[in-house]
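Pasting the sequence and the predicted coordinates here, then a few questions.
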Amino acid sequence: MPSSTKRKEAPTGNSGGQGKRNKRGGNDNKWKTSHQQTKEGLLEGIVSPGEMGIWVSCARSQEGKAAREVVAMFEEYAEILYGVKQPGEEDAANDDEEEDIEASVKRELDAMKATGKEAKAAGRIFTPVKMNVACLLFVRTRSPIEPVEFVKRICQDAKSGEQRTRSRYVNRLVPMTAVGKATEPGLLELARKVLGDVFDLSGKRAGDDATTGAKQEKVDTTETGSSEAKNADDAEVKSDGPEAHRPCSFAIRPSIRNNNTLKRDVIINQVAGLINNQQHKVDLEKPDKVILVEVYQNAVGMSIVDGDYWNELKKYNLTELYSQANNQGQEEGKPSAQADNEH
């Protein structure tokens, strides 16, 4: 007797008869759970006004490794320069095996998300944050870290070859003394806060448009002379500001990402317009001071770095500094032609 049982047909479009599962957060660098992001060492976030920190560019698709690498480097230098150590890292290492997975994930997430007062209360000195842009991180810092001097020391050691641990995935470091709102009023407020200790912010003087144009035209070297030196001396004597308000040249270096509000020309004009251009001249070739302005989404950060170090340290590019140190070491290791002839 023939069987009345009929075999069900496989669903159309699937030859195996089994539904195809969609894998999220898998291997295609698509969406990832908070747990996966925490395992990588960072969470996506934003940069907010009132913060300070360091921009970090890194190798593509290596943001997680770069975050762990740069935080380890920063913690090492924080201990060397300031005698401070990330609180609780020894206890966390000892408790890793005993702590259950859920509690561990929650602890890490809370630590990574901590910002401002929360981060301070938790004792975090460095908090890496992944931006919504490839190859870019922001590491929030807090006192006693001073981003400009901190980054300069790291780069000096990279150049001399004295750095204990070299980074593999980190490229460039850009220190930010303070962060404000990415609007014209926010930019001006931030500039007054950051620049006031170094520059006379009594405003641009009439008649010197060539020194602070939107494109920062190169200053005519014929303007330098005895009259300029006399004016600079007079300005220094007459200045009632702090001793740091000595005559110096400067250049403004803006960088803009994911923002359509602040334009390059606007940034340069607004910042330069605050500075007394009789006391501080623009020099794009060899400025005494470089004003770094970094705009990302709704935030703008600013800092002042020494022009000599900025150029000597390859604009704080660790990759180039490591290469230079390697080449220098190879050259020093080669016997000279004169020594070879003597033998």
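Here it is on my side, so go on. Residues are numbered from 1 along each chain as shown.

Checking my notes, residue 280 in a helix, right?
No. Looking at residue 280 with DSSP: H, G, I helix; E, B strand; the rest coil, it is coil, so not inside a helix.

So residue 194 sits against residue 300, correct?
No. Residue 194 is not in contact with residue 300 according to Cβ atoms under 8 Å; the separation is 10.6 Å. (Each C-beta comes from the backbone N, C-alpha and C, glycine too.)

What are the boundaries of the strands in the chain?
43-44, 52-58, 126-130, 136-141, 170-176, 178-181, 250-257, 289-296, 299-306 (DSSP state E).

Quick one, which of those strands gets closest to residue 277.
strand 250-257 (9.6 Å; Cβ to Cβ).

which other residues reach the closest one?
131, 133, 136, 174, 199, 216, 262-264, 267-268, 271-272, 275, 280-284, 287-297, 307 (Cβ atoms under 8 Å, 6 or more residues apart in numbering).

Drop anything exposed from those residues.
131, 136, 174, 199, 216, 262, 264, 267-268, 271-272, 275, 280-283, 287-296, 307 (16 or more other Cβ atoms under 10 Å).

returning to that earlier point: so for residue 194 and residue 300, which residue has more residues nearby?
Each of residue 194 and residue 300 has its neighbours counted (other Cβ atoms under 10 Å); residue 300 has more, 28 against 23.

What is the neighbour count of the residue lying closest to the more buried one once chain neighbours are set aside?
Spatially, and ignoring its direct neighbours in sequence, residue 300 is nearest to residue 182 (4.4 Å; Cβ to Cβ, 6 or more residues apart in numbering). As a burial measure, residue 182 scores 24 neighbours (other Cβ under 10 Å).

Residue 182 is in contact with residue 262, isn't it?
Yes. With contact defined as Cβ under 8 Å, residue 182 and residue 262 form a contacting pair (5.6 Å).

Contacts only, for residue 44.
Counted by Cβ under 8 Å, 6+ apart, residue 44 has contacts 37, 129, 130, 131, 132.

what bits of the stretch 101-250 of the chain have low per-residue confidence?
101-123, 207-244 (pLDDT under 70).

how about the helices in this protein?
Assigned by DSSP state H, the helices in the chain fall at 34-40, 63-82, 89-95, 101-113, 116-122, 147-160, 184-195, 226-238, 264-274, 307-312, 318-333, 337-342.

overlap in contacts of residue 182 and residue 262?
With Cβ under 8 Å, 6+ apart, residue 182 and residue 262 have common neighbours 295, 300.

Residue 140: neighbour count?
Around residue 140 there are 24 other residues, counting by other Cβ under 10 Å.

from what I can see it touches residue 176, true?
No. Residue 140 is not in contact with residue 176 according to Cβ under 8 Å; the separation is 9.8 Å.

Please identify every residue contacting each of those two.
Joint contacts of residue 140 and residue 176 (Cβ under 8 Å, 6+ apart) are 52, 53.

if I read this right, residue 137 contacts residue 131, doesn't it?
Yes. At 6.6 Å, residue 137 counts as touching residue 131 under the criterion of Cβ under 8 Å.

pretty sure residue 74 is touching residue 128, no?
No. Residue 74 lies out of contact with residue 128 (Cβ under 8 Å); the separation is 9.1 Å.

Can you work out which residues contact both of the two?
Residues touching both residue 74 and residue 128 (Cβ under 8 Å, 6+ apart) are residue 139.

which one of the two has more residues nearby?
Neighbour count, other Cβ under 10 Å: between residue 74 and residue 128, residue 128 has more, with 26 against 23.

and the gap between that one and residue 299?
From residue 128 over to residue 299 the distance is 16 Å, taken as Cβ to Cβ, to the nearest Å.

Name the nearest residue to residue 72, ignoring sequence neighbours.
Nearest one to residue 72, counting by Cβ to Cβ, 6+ apart, is residue 165 at 7.2 Å.

again with residue 78
residue 84 (5.2 Å).

With residue 200 instead?
residue 276 is the one closest to residue 200 (Cβ to Cβ, 6+ apart), at 4.0 Å.

same deal with residue 75?
Per Cβ to Cβ, 6+ apart, closest to residue 75 is residue 86, 5.2 Å.

my guess is that neighbour meets residue 127, correct?
No. Judged on Cβ under 8 Å, residue 86 makes no contact with residue 127 at a distance of 10.6 Å.

of those two, who's got more company?
residue 127 (25 against 17).

Quickly list what that one is bridged to.
Counting by DSSP bridges, residue 127 is bridged to residue 140.
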